[in-house]
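Enquirer: this is a predicted model, with the sequence first.
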Amino acid sequence: MINILFLCTGNSCRSQMAEGWAKALLSYQYAVYSAGIEAHGLNPNAVIVMKESGIDISKQHSQLISDLPEISWDVIITVCDSAKERCPYIPGNHLSIHQSFDDPPSLAKNIADHLGLDIYRRVRDEIKEYVQLIPSLFLEKK
């Protein structure tokens, strides 16, 4: 099994969606986790838009890197610029990849709910496309 960690600032939205997609699409070959530099709680709109795609992330929870069991990571993927800049030192011989996605809560903050969900949906779909590429990215960079 290849251990993958998706890392974001608050582990509330983007990294949670990435974990959900990866578990649904890649679980045959990868053990997938997500964590944050901080723990902001699971974003309810992320849960809603993932459920629309048939993926239930409601049982996932926002956690810090230090909350995870001691794992020898093969790949750590930062999904926001802040996490990349603030990522603590994580020992081990792992591949570090950065792929930033827009932050739906920030972009949707002052928008009507139904339009705000469209931002979450766009980012959800972008994350799905990226997650589908992970096997080829991993092989290319290793």
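Expert: Done, it's in. Numbering: from 1, shown residues only.
Enquirer: same for the lowest-mean-pLDDT helix or strand in the chain, what does it pack against?
Expert: In the chain, the helix or strand scored least confidently by mean pLDDT, DSSP states H and E is helix 81-86, which has a mean of 78. Using 3 or more CB pairs under 8 Å, 6 or more residues apart in numbering; DSSP states H and E as the contact test, no helix or strand touches helix 81-86. C-beta coordinates here come from the backbone N, C-alpha and C atoms, glycine included.
Enquirer: restricting to C-alpha, output that helix in PDB.
Expert: Taking C-alpha atoms only, helix 81-86 is exported to PDB below (Å, rounded to 0.1, in the frame of the first residue of the first chain):
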ATOM      1  CA  ASP A  81      -0.500  27.600  -0.700                       C
ATOM      2  CA  SER A  82      -0.800  28.300   3.000                       C
ATOM      3  CA  ALA A  83      -0.300  24.600   3.900                       C
ATOM      4  CA  LYS A  84       2.700  24.400   1.600                       C
ATOM      5  CA  GLU A  85       4.300  27.500   3.200                       C
ATOM      6  CA  ARG A  86       3.500  26.500   6.800                       C
END
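Enquirer: quick one: distance of it to the chain centre.
Expert: 13 Å (CA atoms, centre = their mean, to the nearest Å).
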